[in-house]
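**Q** Fold the stuff below for me.
(chains A and B)
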There are 2 protein chains.
Amino acid sequence: MRLSQYFLPLIKETPSEAQIASHRLMLRAGMIRQQAAGIYTWLPLGLRVLQKVEHIVADELNKAGCVRVLMPTLQPTELWKESGRYDALGKEMLRFKDRADRELLYSPTNEEMIVDVFRGYVKSYKSLPISLYQIQWKFRDEVRPRFGVMRGREFLMKDDYSFHANVDDAVREYWKMYDVYHAIFKRMGLQTVAVRAETGAIGGDLSHEFHVLAETGESAVYYDKKFDDLREGKITMTGDEQRKLYAAADEMHKPDACPIAKEDLREARGIEVGQVFFLGNKYSKAMGVTIAGPDGQNITPEMGCYGIGVSRLLGAIIEAGHDDNGIIWPAAVAPFDAGLINLRSGDAKCDALCDSIYAALAQKGMDVLYDDTDERAGGKFAGMDLIGLPWQIVVGPKGAEKNMVELKNRKTGEKQELSVEAMLATFTKA
Amino acid sequence: MRLSQYFLPLIKETPSEAQIASHRLMLRAGMIRQQAAGIYTWLPLGLRVLQKVEHIVADELNKAGCVRVLMPTLQPTELWKESGRYDALGKEMLRFKDRADRELLYSPTNEEMIVDVFRGYVKSYKSLPISLYQIQWKFRDEVRPRFGVMRGREFLMKDDYSFHANVDDAVREYWKMYDVYHAIFKRMGLQTVAVRAETGAIGGDLSHEFHVLAETGESAVYYDKKFDDLREGKITMTGDEQRKLYAAADEMHKPDACPIAKEDLREARGIEVGQVFFLGNKYSKAMGVTIAGPDGQNITPEMGCYGIGVSRLLGAIIEAGHDDNGIIWPAAVAPFDAGLINLRSGDAKCDALCDSIYAALAQKGMDVLYDDTDERAGGKFAGMDLIGLPWQIVVGPKGAEKNMVELKNRKTGEKQELSVEAMLATFTKA
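**A** As a prediction, the model looks like this:
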């Protein structure tokens, strides 16, 4: 993409309304624009990252056998009367009437509707297990929306619902999803910890929250230091062994009743990006779902549900990866793989070299943002650091004479003078 | 995808609420489920097609230099007071108040918001032209939602807005998009005609509607028969020449004042799937947008806007391609490239042959739906015809002995007995 043909409105000043780094950087990097409290337009750069995050989530779920659907944003409130949750979410649930005076709501979560889909078609345990997920916009009318996409009102969420013939199958799926979640976040370059959590308005008997570890995290999390050792490869354990290690969200952690020694306990700050629930038959029973069971008797399916805050993840990734100059994207979710800076646009040699590098990188399957504008060098460097692409390739008139470029690693700051061929050789074909 | 692990709830009975073929077939083929009047859940098969259609639209727009953004579904009503359209859409526009008593609306279209985005950042004609598009859910509270996704209330729309320094540039972009639209619909296997249309609530000076030609189309369209000759390759004309040919929507066609001879006029039925508008400065002026012009004076940008009914297209594609047995998907938008039918699941030879065919087709980059269930043969054939994948590969115990399969073309109905190797050779690597 040529920057001269792109829409990347960078902001030099620090926006006064932004209290945390990710919010500030997303505004400054031209990723989002606020349209109302907690409601954002995703500008081109922000949307690219959002789509990459969405793709990773969907790809890992598909590999795990989950099947994708898409429920509408609006739904009739009748289903919520059936489940008994019509009032449970209070004013966070946006309700209103359509022109025919029927009450609708903007989905804050979709347990009721997925149960309605399920009961419309599934008649026998033979169709189980089934896990249906969607990635769709939700709305929760927060009293005090803040921190940009970290606590917005309209937000993109992945919600997954599984149905099982018995408790054992549902619990097995729960732990499978626990592992899938670790794989999803790892693929995005994130360090996460899963902690035992309360189930809140969703309900159910067992729940874990997944937290991205970041100094600016909003919650305290407590966990066995062996999780750090595992992540650093110092020890190995089976999945079963790991699940028995202590890990608790703030509200679940009781210092006086903590089962492990103080020196084995780690306290860290985390940003919650996902939560998994074993629901039991809370919704299926309330909504009267029965299917044929294996022994001819009707059964009520057991359920699990599994959420990931897709738009929120962008804030968490930035909180976990930035410096004073801007964002530092993990490669897997970077909006472009590299930035190409032409220090003298209009100079025939620089232009020709940039064009050939741009074409060669595209040939390798790389998405490159090519700054072909006539801004001054300082502005180009600052802008490229701000948007945080993993690599910067700098072409200037002196280097162009000798077929040399500068290759900068955004994360380490390391710069190398390389021939064009050597620079290209550092990137393997995707 | 193995059917035993998928969620494809086919319906044998003809749903009584469906008045037209596409609605009936989308319900029967397990593509959509109605949740409220004009509000649907997209089941896995439907979502796959929706995503393919969305991908084609986005890909062609990206190639044309349009830049993708994503605006929220909800927006404050203030912008609509600025543009003067607060009351223009009447009760079709869903308005309501949030918990802080601020009025919001569910976007039915986004001219106001995109102008707000534009004016927030663009200060000079040097940044023009710029064309920003999104593919996002919209809501229009139709009095009488009907025909499934053809006239739903919550629907997926591509809306694109371009900004220009002068009228000439805006008109040039208009005709460029006119050509891009033809390319988009052609890639989906559709025959479309573009007809001069009224501008309605959107406004502006020049507009064309794009209609998919289908006998069941809801509108009459009138056009010079040379369009048919062009499509059939009988004649060639430049773009400029084509644009001068007569083509009019029903409300624009005046039989007594038609400029071409009756024998040159074609009347056909069409389904509107897109519309392009040259807006002039209607919105930019009302919302007070000025930018620096080329001669130092401030100017008000000229605009165009360009819509495609993405979810509606699925209905149109089915109306244009189905028979008594079900849907006939054009290859480019088919939910899977082929269906593989195992006539005796559980038989070791049939299972092994199906597994190897499934793997070989995946190797070629093909998405295959493999019916590995134990339903009877008749049900498998009927289901595969209903969902309309371009190719069916049938494996039975007799053929498996001789390494032979049956290859059926869903559109022509033609069946061939082929060796597995010969069948595989008919599919080239994607």
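
**Q** The strand ranked longest in chain A packs against which elements?
**A** With secondary structure taken from DSSP state E, chain A has its longest strand at strand A:265-280. When contacts are defined as 3 or more Cβ pairs under 8 Å, 6 or more residues apart in numbering or on different chains; DSSP states H and E, strand A:265-280 packs onto helix A:167-187, strand A:192-196, strand A:206-213, strand A:219-224, strand A:302-309, helix A:310-320. Any C-beta I mention is one placed from the backbone N, CA and C, and that applies to glycine too.

**Q** Give me the nearest residue to A:Glu111, chain neighbours excluded.
**A** Excluding the flanking residues, the one nearest A:Glu111 by Cβ to Cβ, 6 or more residues apart in numbering or on different chains is A:Tyr283, at 4.9 Å.

**Q** The one you found: what's it in contact with?
**A** A:Ser83, A:Glu111, A:Glu112, A:Val115, A:Met303 (Cβ atoms under 8 Å, 6 or more residues apart in numbering or on different chains).

**Q** ok so, going back, mind checking which of the helices and strands packed on strand A:265-280 is nearest chain B?
**A** Closest approach to chain B among those is made by helix A:310-320 (10.1 Å; Cβ to the nearest Cβ).

**Q** That closest one close to chain B?
**A** No: applying Cβ under 8 Å from any Cβ of the partner chain, one finds helix A:310-320 separated from chain B by no less than 10.1 Å.

**Q** Tell me the buried residues in that helix?
**A** Within helix A:310-320, the residues scored as buried using 16 or more other Cβ atoms under 10 Å in any protein chain shown are A:Val310, A:Ser311, A:Arg312, A:Leu313, A:Leu314, A:Gly315, A:Ala316, A:Ile317, A:Ile318, A:Glu319, A:Ala320.

**Q** which residues touch the residue nearest to A:Gln275 when sequence neighbours are not counted?
**A** Nearest residue to A:Gln275, sequence neighbours excluded (Cβ to Cβ, 6+ apart): A:Glu209, at 4.9 Å. When contacts are counted by Cβ under 8 Å, 6+ apart, A:Glu209 touches A:Ala194, A:Val195, A:Ala197, A:Ala249, A:Glu272, A:Gly274, A:Gln275.

**Q** rerun at 10 Å
**A** Contact analysis of A:Glu209 by Cβ atoms under 10 Å, 6 or more residues apart in numbering or on different chains lists A:192-198, A:219, A:221, A:247-250, A:252, A:270, A:272-276, A:307.

**Q** so A:Asp59 touches A:Arg187, yeah?
**A** Yes: A:Asp59 is in contact with A:Arg187 according to Cβ atoms under 10 Å; the separation is 8.5 Å.

**Q** Could you check which of those two has the larger neighbour count?
**A** More crowded of A:Asp59 and A:Arg187, by other Cβ atoms under 10 Å in any protein chain shown: A:Arg187, with 16 against 12.

**Q** Spell out the secondary structure type for the closest residue in space to the more buried one that isn't next to it in sequence.
**A** Closest residue in space to A:Arg187, ignoring its immediate chain neighbours: A:Ile56 at 5.3 Å, by Cβ to Cβ, 6+ apart. Here A:Ile56 is recorded as helix under DSSP: H, G, I helix; E, B strand; the rest coil.

**Q** While we're on A:Ile56, how confident is the model there?
**A** Confidence at A:Ile56, expressed as pLDDT, is 98.

**Q** is it true that it touches A:Met188?
**A** Yes: contact criterion Cβ under 10 Å: A:Ile56 and A:Met188 qualify, at 6.0 Å.

**Q** Tell me the residues that contact both of the two, please.
**A** Common contact partners of A:Ile56 and A:Met188 (Cβ under 10 Å, 6+ apart): A:Leu313, A:Ala332, A:Val333.

**Q** Ramachandran angles for the closest residue to chain B within the stretch 151-300 of chain A?
**A** Closest residue of the stretch 151-300 of chain A to chain B, Cβ to the nearest Cβ: A:Glu154 (4.8 Å). Dihedral angles of A:Glu154 (phi, psi; degrees, to the nearest 10) stand at phi -100, psi 120.

**Q** so what's A:Ala165 up against?
**A** A:124-129, A:291-294, A:299-302.

**Q** Please determine how far A:Asn342 is located from chain B.
**A** Noted for A:Asn342: a distance of 17 Å to chain B, by Cβ to the nearest Cβ, to the nearest Å.

**Q** Quick check: closest non-adjacent residue to A:Met157.
**A** A:Lys138 (4.8 Å).

**Q** shaky segments in chain A?
**A** Filtered on pLDDT under 70, chain A yields the residue ranges A:429-430.

**Q** My read is that A:Tyr222 contacts A:Ala247, right?
**A** Yes: between A:Tyr222 and A:Ala247 there is a contact under Cβ under 10 Å: 7.1 Å.

**Q** anything in contact with each of those two?
**A** By Cβ under 10 Å, 6+ apart, the residues touching both A:Tyr222 and A:Ala247 are A:Val193, A:Val195, A:Arg196, A:His253, A:Arg266.

**Q** Could you report the neighbour count for the residue of the stretch 151-300 of chain A closest to chain B?
**A** 25.

**Q** Any chance of the backbone angles for A:Glu92?
**A** Dihedral pair for A:Glu92: phi -70, psi -30, per degrees, to the nearest 10.

**Q** residues touching it, list them.
**A** A:Pro108, A:Phe139, A:Arg140, A:Asp141, A:Glu142, A:Val143, A:Arg153, A:Ala201, B:Arg99.

**Q** Which residues are in contact with A:Gln51?
**A** Residues near A:Gln51 by Cβ under 10 Å, 6+ apart: A:Trp42, A:Val310, A:Val333, A:Pro335, B:Arg68, B:Leu70.

**Q** neighbours around the closest residue to the last one other than its chain neighbours, how many?
**A** Which is B:Leu70. Leaving out its chain neighbours, the residue that sits closest to B:Leu70 by Cβ to Cβ, 6+ apart is A:Trp42, at 4.1 Å. Using other Cβ under 10 Å, A:Trp42 has 26 neighbouring residues.
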